[in-house]
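*Asks:* No letters, just coordinates:
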């Protein structure tokens, strides 16, 4: 059985693309939070939590992509499964920035929709890869 390659190439490519996209996402969201702070009367009580959640999301994203990539390349279901669990947290934070943050701009909607789409696609490929590793 060791002669077969079980790791998913499309999943690995998606991890790479998602990593690049998240850098753009993080910088764009950070810029928009700064912009909203300058242009709108952003309540001070909400600026810090929005920034904190963005940084927590960035940490989760690094961990998520690292574990997912490692699990896929080593064909181990545990890191890949953990990455899938972390994805749930990332999805919740993305939905926060899409729906519940203080001010939601059209740009927020677009970049979060793209991020949620990649999370969904990645999750499906992770489940398929885990199923291949376990069988």
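*Replies:* Now that the structure is in, tell me what you want to look at. Source: prediction; values computed, not measured. Numbers count the residues shown, from 1 in each chain.

*Asks:* Tell me which stretches of this protein form helices.
*Replies:* Ranges of helices in the chain, per DSSP state H, are 9-39, 44-73, 77-95, 106-134.

*Asks:* which residue sits closest to residue 18, ignoring its sequence neighbours?
*Replies:* Distances taken as C-beta to C-beta, 6 or more residues apart in numbering put residue 118 closest to residue 18, at 5.2 Å, once the chain neighbours are dropped. In short, each C-beta sits where N, CA and C put it, glycine included.

*Asks:* How about the contacts made by the one you found?
*Replies:* Contact partners of residue 118, counting by C-beta atoms under 8 Å, 6 or more residues apart in numbering, are 14, 17, 18, 21.

*Asks:* do that again at 7 Å, thanks
*Replies:* 14, 18, 21 (C-beta atoms under 7 Å, 6 or more residues apart in numbering).

*Asks:* low pLDDT regions in this structure?
*Replies:* By pLDDT under 70, the low-scoring segments of the chain are 1-3.

*Asks:* rerun that using 90 as the cut-off
*Replies:* Across the chain, the ranges flagged by pLDDT under 90 are 1-6, 37-38, 40-48, 102, 135.

*Asks:* Out of the contacts of residue 118, which end up buried?
*Replies:* Using 16 or more other C-beta atoms under 10 Å as the burial test, the contacts of residue 118 include 14, 18 as buried.

*Asks:* Save the contacts of residue 118 as JSON lines, and put in distance to residue 79 too.
*Replies:* Formatted as JSON lines, the contacts of residue 118 follow (distance: C-beta to C-beta, whole Å):
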{"residue": "14", "distance to residue 79": "16"}
{"residue": "18", "distance to residue 79": "16"}
{"residue": "21", "distance to residue 79": "21"}
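
*Asks:* out of the contacts of residue 118, who's nearest residue 76?
*Replies:* Among the contacts of residue 118, residue 14 lies closest to residue 76 (C-beta to C-beta), at 18.0 Å.

*Asks:* what about residue 22, how many neighbours?
*Replies:* 19 (other C-beta atoms under 10 Å).
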